[in-house]
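S.K.: Below is the sequence, then the predicted model.
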Amino acid sequence: MALIPLDLRTNRWFLLGLAIRVAAVVMLVPEVQAQWFTPFMARTLAAPGLDPWTGFLHHGGQVPEFFYGPVMYLFHAPFTALGLLADRLAGSGTAFTGIALGFSLLAADLALLLVLRRMHEGQEERVLLFYWLSPLVLFITYWHGDTDLVPTLLLALSLLLLQRNAPRMAGVVLGLGIGAKVSILAVVPFLLIFLWSHRRHRDTMPGFLLACAGVALLLLVPPLLFSPALQQMLASNPRLLVANPGMASILDVDIMLGGGQKLYIMPIVYLLGLYGAWKVGRMSFGLLHTVLGVAYLVVLLLTPSAVGWYLWLIPFLVAFQLRAGPRAAGLVLVFTLVLIAAKTLITAAPAVPLLGLPLGWLSLLPADMMTSLRLNSLMASVLMGLGIVLALTMLRRGLDENDFFGLSQRPLAIGIAGDSGTGKDTLALAMAGLFGEGAVTGISGDDYHLFERRGKLWQAFTHLDPRANDLEAFTRDALSLLAWRPIMCRHYDHATGLFTPPRRIQASDVVMVTGLHALYPPALRERLDVGLYLDMDEGLRRFFKIRRDVGQRGHSLERVLASIERRMPDYEAFIRPQRDHADVVLSLLPADPVLLEDPDHAGPMPLKLRVRMRRATSLDRLARLLIALCGAQVDVTQAGANTMAELVIDGSDVKPEDIHFTALQLVPHLEELLARRPAWQPGMTGIMQLIVLLQLAELTSKRR
Ligand SMILES: Nc1ncnc2c1ncn2[C@@H]1O[C@H](COP(=O)(O)OP(=O)(O)O)[C@@H](O)[C@H]1O
Ligand SMILES: O=C(COP(=O)(O)O)[C@H](O)[C@H](O)COP(=O)(O)O
């Protein structure tokens, strides 16, 4: 129990679900476990060897007994070995071995709960409701006895690792999943399409694929080569391509083409699913969960599949219910209950050795009703109908949300304008941390200065004069990147005041357009999804600019002071007016202005942040969360007829994890939408990241 987090150990719903599970493991003996899995584990562990499958057949085992890969066997071995020992000591046949197998599944069950809680941080209570108390999980695992929880756990863990920017580890875990049950292979093309759809993930694809393939081949090739029995068991697995008389196969659904030829529906639907995923473009995590869930659902609906396969839906049904709210939960519950009723009609109820009762309400029904194909077909038809409604609902919801980055087919465009030293580069760098290094391409107005530092023409112009900058090229190149076209652009090196040779800049999922004039050209401004203007307190700006330009850019104090004074008219004429075109105006203010009087002050500079927003719903909720979760002081002024809504936030010791938790409250499926866990900055920079993210969320909700 020590592995279980305290908040779970004291949660009544968790304890209820645990009690149900333990009672089921002790009291019920599912037929598939009694007939197949327990004898296989008992016999092979009684005579351990490198090839348990052949050993089992030599000891009179029947096929198909355990048509899983070595990982499934190794997962259950520790628990069932203890059960076998208990049976040896008690002389109780395989009773304890069966119970031990049940507890082995309970361990996988608990691990999957923990994985889903990490995947949906901030929604742990509802994860308990939608997963831990799911009738489907209880029915399939503890009533019917399938062991699909193990590959489902590995699949969910692989998705969590992808979400946590660990693609190589995700590949290893997915390889283990394939080593548990080969059918997980069906997921791999969808994950590759997801990775490919994010330019920042493309270079991680080889690592992910090699790790997955390497682990899967290492686990499956040797046993398959050297164990004819395993070949026989896997090949006879009724769910694979080989159709077995009397048992369902994924090729059961077909259309006769005459002349004995058939058109198998499953391969067609699977390929259409891959094509659909490819056409979506940049896929959020939420949409990846949706695509995988719908793909599995379609496979399940099109094949009278084993009950266990429905477990693979669980992580995606949980994600769907968390995002889509009560109506979705109701739809999933109805689907689940009809599924359980339909499957109960055709599968055996577990034995109850302790009570000796023939369990199952079915024994109360007239015998002929049980075998009536009409009832069975009716249930299957209702299930198909509900399944199609569920699949369409999941797909619509997933596609709607996928628009978080604006149209998922094009880069997101964020503009940051402001005077020199107001924090444009600092904020752009912070936003790159939010979206992921490889996800952001930056284009800076400084690179479009017309002259180098020593140029004589700086006598005629200041940098703030649009005529001293090639704003046409700046606009043209920014729009090229936003159309996914690469550009060739030189760089203005502030360390030397010289231009570097042109270099190729490739577009990515997010394009940050920063510079003195980022909101100046109308053609550029109109294409931005969010326009930010940094309006730093002038005293603070001078303090920061002097410290930077003298310390990092090699200017003399006199030159910087003279430049600041000389630029004031152009600031008023060309830079400040951009503020009226911004969606958000961010102003860093000194929390302790006295510190500015000491130009040599090298310690921390406590800051406040004033935020003015055009699009500002849930302003009060944002303020409340910043106060409650970030420990900040917040003053709110609602928007007026001609004024923007305003927040003044004070709290320079705001921690990144508090900002992350605040963001999850405001944008619950944040990580799914960003397809990663964002890296937050401390203090007011982190708050600025949050404000920009909320603007993007507002933008998407408006587009829906
Ligand atoms: N959010 C911030 N928090 C703390 N200091 C900042 C922040 N933004 C800017 N600064 C300070 O101001 C200086 C200038 O910032 P910078 O991003 O280079 O401005 P710009 O790109 O607008 O010229 C930085 O060197 C840094 O010391
Ligand atoms: O005003 C700016 C813009 O840069 P920023 O907005 O980053 O301050 C710089 O002074 C010029 O680019 C020249 O740079 P340098 O002083 O290196 O010649």
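M.R.: All right, it came through fine. Residues are numbered from 1 along each chain as shown. Ligands and ions are numbered 1, 2, ... in the order given.

S.K.: I414: helix or strand, and which one exactly?
M.R.: strand 412-418 (DSSP states H and E).

S.K.: what helices or strands is that strand leaning on?
M.R.: If you count contacts as 3 or more C-beta pairs under 8 Å, 6 or more residues apart in numbering; DSSP states H and E, strand 412-418 packs onto helix 424-435, strand 510-515, strand 530-534. The way it works is simple: take the backbone N, C-alpha and C, and place the C-beta from them, glycine included.

S.K.: Who does the last one pair with, and is each partner parallel or antiparallel?
M.R.: Here strand 530-534 is paired, per DSSP bridges, with strand 412-418 (parallel), strand 584-590 (parallel).

S.K.: is ligand 2 contacted by it?
M.R.: No: figure legend: strand 530-534 not in contact with ligand 2 (C-beta under 6 Å from any ligand atom); closest approach 9.7 Å.

S.K.: List the contacts of that strand.
M.R.: 413-419, 422-424, 427, 518-519, 525, 578-579, 581-588, 692, 695-696, 699 (C-beta atoms under 8 Å, 6 or more residues apart in numbering).

S.K.: I'd like to know how many residues surround R397.
M.R.: Using other C-beta atoms under 10 Å, R397 has 18 neighbouring residues.

S.K.: contacting residues for it?
M.R.: Going by C-beta under 8 Å, 6+ apart, the list of residues near R397 reads 290, 320, 323-324, 328.

S.K.: Next, format these as TSV and append distance to R676 and secondary structure.
M.R.: Shown next, in TSV, are the contacts of R397 (distance: C-beta to C-beta, whole Å; DSSP: H, G, I helix; E, B strand; the rest coil):
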residue	distance to R676	secondary structure
T290	18	helix
F320	20	helix
R323	17	helix
A324	22	helix
A328	25	helix
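
S.K.: For the residues you listed, pick the one with the most neighbours.
M.R.: Within these, neighbour counts (other C-beta under 10 Å) peak at T290, which reaches 30 neighbours.

S.K.: ok, the residue nearest to that one when sequence neighbours are not counted to S444 distance?
M.R.: Spatial nearest neighbour of T290, chain neighbours left out: G398 (2.8 Å); criterion: C-beta to C-beta, 6 or more residues apart in numbering. Taking C-beta to C-beta, to the nearest Å as the measure, G398 and S444 are separated by 36 Å.

S.K.: Identify each buried residue in stretch 567-587, please.
M.R.: The neighbour-count check on stretch 567-587 (16 or more other C-beta atoms under 10 Å) flags 567, 570-571, 574-576, 578-579, 581-587 as buried.

S.K.: Let's see which of these end up in strands.
M.R.: 584-587 (DSSP state E).

S.K.: could the strands paired with strand 530-534 be laid out in TSV, adding mean pLDDT and distance to V332?
M.R.: Listed next are the strands paired with strand 530-534 as TSV, based on pLDDT from 0 to 100; distance: least, C-beta to C-beta, whole Å:
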stretch	mean pLDDT	distance to V332
strand 412-418	95	32
strand 584-590	96	38
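
S.K.: In the stretch 451-600 of the chain, which residue sits nearest ligand 1?
M.R.: Closest approach between the stretch 451-600 of the chain and ligand 1, counting by C-beta to the nearest ligand atom: F544, at 3.3 Å.

S.K.: Could you dump the helices and strands packed on strand 412-418 into JSON lines and include mean neighbour count?
M.R.: Output for the helices and strands packed on strand 412-418, formatted as JSON lines (neighbours: other C-beta atoms under 10 Å):
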{"stretch": "helix 424-435", "mean neighbour count": "21"}
{"stretch": "strand 510-515", "mean neighbour count": "26"}
{"stretch": "strand 530-534", "mean neighbour count": "25"}
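
S.K.: any chance of those in JSON lines, plus mean pLDDT?
M.R.: Formatted as JSON lines, the helices and strands packed on strand 412-418 follow (pLDDT from 0 to 100):
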{"stretch": "helix 424-435", "mean pLDDT": "93"}
{"stretch": "strand 510-515", "mean pLDDT": "96"}
{"stretch": "strand 530-534", "mean pLDDT": "96"}
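
S.K.: In a markdown table: the ones you listed, plus distance to L128.
M.R.: Output for those, formatted as a markdown table (distance: least, C-beta to C-beta, whole Å):
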| stretch | distance to L128 |
| --- | --- |
| helix 424-435 | 29 |
| strand 510-515 | 35 |
| strand 530-534 | 36 |
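
S.K.: and of the ones you listed, who's closest to R676?
M.R.: helix 424-435 (7.7 Å; C-beta to C-beta).

S.K.: So which other helices or strands are in contact with the next helix or strand after the closest one?
M.R.: Downstream of helix 424-435, the next assigned helix or strand under DSSP H and E is strand 440-444. Counting by 3+ C-beta pairs under 8 Å, 6+ apart, the packing neighbours recorded for strand 440-444 are helix 424-435, helix 471-482, strand 487-493, strand 510-515.

S.K.: Export the ones you listed to TSV and append columns for distance to D598.
M.R.: Below are those laid out as TSV (distance: least, C-beta to C-beta, whole Å):
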stretch	distance to D598
helix 424-435	22
helix 471-482	38
strand 487-493	31
strand 510-515	30
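
S.K.: now these as TSV including distance to ligand 2?
M.R.: Shown next, in TSV, are the helices and strands packed on strand 440-444 (distance: least, C-beta to the nearest ligand atom, whole Å):
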stretch	distance to ligand 2
helix 424-435	6
helix 471-482	13
strand 487-493	6
strand 510-515	7
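
S.K.: Name the nearest residue to L112, ignoring sequence neighbours.
M.R.: L153 (4.5 Å).

S.K.: so that neighbour touches L110, yeah?
M.R.: No: using C-beta atoms under 8 Å as the test, L153 is too far from L110 to be in contact (9.6 Å).

S.K.: Ligand 2 contacts on the stretch 301-450 of the chain?
M.R.: 420-421, 424-425, 446, 449.

S.K.: tell me which of these is nearest to A47?
M.R.: Comparing these against A47 with C-beta to C-beta places D425 closest, at 68.2 Å.

S.K.: From G423, how far out is the closest residue to the closest one other than its chain neighbours?
M.R.: Leaving out its chain neighbours, the residue that sits closest to D425 by C-beta to C-beta, 6+ apart is T514, at 6.5 Å. Counting by C-beta to C-beta, the separation of T514 from G423 is 10 Å.

S.K.: can you check P682 too?
M.R.: Counting by C-beta to C-beta, the separation of P682 from G423 is 15 Å.

S.K.: that older thread, in a markdown table: the helices and strands packed on strand 412-418, plus distance to ligand 1.
M.R.: Putting the helices and strands packed on strand 412-418 into a markdown table (distance: least, C-beta to the nearest ligand atom, whole Å) gives the following:
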| stretch | distance to ligand 1 |
| --- | --- |
| helix 424-435 | 3 |
| strand 510-515 | 7 |
| strand 530-534 | 6 |
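
S.K.: Looking at the ones you listed, which is nearest to V187?
M.R.: With C-beta to C-beta as the measure, helix 424-435 is the member of the helices and strands packed on strand 412-418 nearest V187 (25.3 Å).

S.K.: For L153 and L110, work out which one has more neighbours and name it.
M.R.: Per other C-beta under 10 Å, whichever of L153 and L110 has more neighbours is L153, with 27 against 20.

S.K.: Which helix or strand contains that one?
M.R.: Applying DSSP H and E, one finds L153 within helix 149-163.

S.K.: any idea which helix or strand comes after the helix or strand of the chain with the lowest mean pLDDT?
M.R.: Using mean pLDDT, DSSP states H and E, the weakest-scoring helix or strand in the chain turns out to be helix 367-371, at a mean of 58. In the C-terminal direction, the helix or strand that comes right after helix 367-371 (DSSP H and E) is helix 373-401.

S.K.: If I look at the residue nearest to L112, what pLDDT would I see?
M.R.: Looking at L153, its pLDDT is 98.

S.K.: what residues are up against it?
M.R.: 108, 111-112, 115.

S.K.: What about those, which are in helices?
M.R.: Of these, the ones assigned to helices by DSSP state H are 108, 111-112, 115.

S.K.: quick one: the strands in this protein?
M.R.: Using DSSP E, the strands of the chain run over residues 254-258, 261-264, 412-418, 440-444, 487-493, 498-505, 510-515, 530-534, 584-590, 607-613, 633-637, 645-650.
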